[in-house]
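Visitor: From the sequence below, what's the structure:
(2 chains)
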Amino acid sequence: NAGVTQTPKFRILKIGQSMTLQCTQDMNHNYMYWYRQDPGMGLKLIYYSVGAGITDKGEVPNGYNVSRSTTEDFPLRLELAAPSQTSVYFCASSTGETQYFGPGTRLLVL
Amino acid sequence: QQQVKQSPQSLIVQKGGISIINCAYENTAFDYFPWYQQFPGKGPALLIAIRPDVSEKKEGRFTISFNKSAKQFSLHIMDSQPGDSATYFCAASSGSNYQLIWGAGTKLIIKP
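Guide: Numbers count the residues shown, from 1 in each chain, chains lettered A, B, ... in the order given. Below you'll find the model as predicted:
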């Protein structure tokens, strides 16, 4: 099992550009999560999903969108990148309380 | 009331010493308290977790102490090793949606 995979590992975006962060898990987990991690701020939940076709907002959803068409995939979309979205983004999945994290995507918006 | 407050922000401990990281919460509905360990360039990984029906849980050199009345819980790392150098996050959750509320993290450095 590869676990949770994320692509790309690193990306530089210009202000106003759009991109999709990919997340795939091969553990057949129903629950999936997107977090952003800023230095000294811990992990903030952006969006989560309890199963295919079901998504909900987390603590910091503004500027992001998600979809969950399959159990395996949970892409995160940034429509109009802003410098405030410079961060490290982690995807995670779970069947219950233990969350399994991907390696992260480092995003720099200039 | 949804916050989890973690301290200290950073910690330096000599090899062989005891590392102690503390967390406090307000929401009495929280019923699951995990600690995650994160190495540079990696995602967090579950280290150890506890529920409020016990006051202590030990796994190897890692122990969680839980004080329900004080709404505090702490991670103790005994005989700390350089390989324990990482960022540690406490978290809490309640209910069935498995959403975690995270502390801000503690960067632990173990000096040889």
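Visitor: where does the spatially most central residue of chain A land in three-state SS?
Guide: By CA atoms, centre = their mean, chain A has its centre lying nearest to residue A:34, at 3.4 Å. Three-state assignment for residue A:34 (DSSP: H, G, I helix; E, B strand; the rest coil): strand.
Visitor: Help me confirm that it comes into contact with residue A:87.
Guide: No - the criterion here is CB atoms under 8 Å, and residue A:34 misses it with residue A:87 at 11.1 Å. Bear in mind the C-beta positions are built from the backbone N, C-alpha and C, glycine included.
Visitor: any shared contact partners between these two?
Guide: By CB atoms under 8 Å, 6 or more residues apart in numbering or on different chains, residue A:34 and residue A:87 have no common neighbours.
Visitor: Skipping its backbone neighbours, what lies nearest the residue nearest to the centre of chain A in space?
Guide: Leaving aside its sequence neighbours, residue A:34 sits nearest to residue A:46 (CB to CB, 6 or more residues apart in numbering or on different chains; 4.4 Å).
Visitor: what sits against the one you found?
Guide: Contacts of residue A:46 (CB under 8 Å, 6+ apart): A:34, A:35, A:36, A:58, A:59, A:60, A:61, A:64, A:66, A:76, A:89.
Visitor: Now pLDDT, secondary structure and distance to residue B:27 too, for the residues you listed, in JSON lines please.
Guide: Listed next are these as JSON lines, based on pLDDT from 0 to 100; DSSP: H, G, I helix; E, B strand; the rest coil; distance: CB to CB, whole Å:
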{"residue": "A:34", "pLDDT": "98", "secondary structure": "strand", "distance to residue B:27": "23"}
{"residue": "A:35", "pLDDT": "97", "secondary structure": "strand", "distance to residue B:27": "20"}
{"residue": "A:36", "pLDDT": "97", "secondary structure": "strand", "distance to residue B:27": "22"}
{"residue": "A:58", "pLDDT": "93", "secondary structure": "coil", "distance to residue B:27": "17"}
{"residue": "A:59", "pLDDT": "90", "secondary structure": "coil", "distance to residue B:27": "14"}
{"residue": "A:60", "pLDDT": "95", "secondary structure": "coil", "distance to residue B:27": "19"}
{"residue": "A:61", "pLDDT": "97", "secondary structure": "coil", "distance to residue B:27": "21"}
{"residue": "A:64", "pLDDT": "97", "secondary structure": "strand", "distance to residue B:27": "26"}
{"residue": "A:66", "pLDDT": "97", "secondary structure": "strand", "distance to residue B:27": "26"}
{"residue": "A:76", "pLDDT": "98", "secondary structure": "strand", "distance to residue B:27": "27"}
{"residue": "A:89", "pLDDT": "98", "secondary structure": "strand", "distance to residue B:27": "26"}
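Visitor: No further queries at this time; thank you.
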